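Asks: quick check, what structure comes out for this input:
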Amino acid sequence: MKETIIMIIILILIIASGIGIQKYLVESSNMLCEKLENLKTEIGMAKQEQKTTENINRLANEIEEEWKEINKIWSTVILHEELDMIEISLLEVKSSIQVQDLESSLEEIDKTIFLVGHIKEKEALKWRNIF
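Replies: Sure thing, here's the model as predicted:
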């Protein structure tokens, strides 16, 4: 009887931690995608109005800092190859902005949004991901 109770408690802890991790993945990926969309909007406005990229650089730096924090937790549950692809894409976004190649940065932002969204979908607790 004692062993059964311990096993049930362990099972409940595993399920609860899985749900917590899933919730964090969804929230952090949504937040990161939202910031990337904001950056994309700022780049579009800068292209149309021929503005300086000072605000765009600030947003890109904020996204990079957010990613560093997110990456610390994601790296415990997600394959590092996928995280490396996001990291490389974010670096390309930042370097494209620094050299004023806004078209390239828009493409890389879309790529990054896809990669982040893909992780959220891949790690979701759905039947197709279980079997």
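Asks: for the rest of this, base every contact and every neighbour count on C-alpha atoms.
Replies: Noted.
Asks: just checking, what packs against the strand or helix carrying Leu91?
Replies: In this structure, Leu91 sits in helix 80-98 according to DSSP states H and E. On a contact count with 3 or more Cα pairs under 8 Å, 6 or more residues apart in numbering; DSSP states H and E, helix 80-98 meets helix 54-74, helix 102-122.
Asks: of these, flag the one that's most buried.
Replies: Between those, helix 102-122 has the highest mean count of neighbours, a mean of 18, where neighbours are mean count of other Cα atoms under 10 Å.
Asks: identify the residues contacting stretch 25-33?
Replies: Defining contact as Cα atoms under 8 Å, 6 or more residues apart in numbering, one finds that stretch 25-33 is touched by Ile63, Glu66, Trp67, Ile70, Trp74, Ile113, Val116, Gly117, Lys120.
Asks: list the buried residues of that stretch.
Replies: Leu25, Val26, Ser28, Ser29, Asn30, Leu32, Cys33 (16 or more other Cα atoms under 10 Å).
Asks: report the separation between Met45 and Ile56.
Replies: 10 Å (Cα to Cα, to the nearest Å).
Asks: related to what we said a few turns ago, for the helices and strands packed on helix 80-98, give me TSV that also has distance to Ile88.
Replies: Output for the helices and strands packed on helix 80-98, formatted as TSV (distance: least, Cα to Cα, whole Å):
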stretch	distance to Ile88
helix 54-74	11
helix 102-122	9
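Asks: with mean pLDDT added, can I get those in JSON lines?
Replies: Formatted as JSON lines, the helices and strands packed on helix 80-98 follow (pLDDT from 0 to 100):
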{"stretch": "helix 54-74", "mean pLDDT": "91"}
{"stretch": "helix 102-122", "mean pLDDT": "89"}
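Asks: figure out which of those is closest to Lys94.
Replies: Nearest of the helices and strands packed on helix 80-98 to Lys94, taken as Cα to Cα: helix 54-74 at 6.2 Å.
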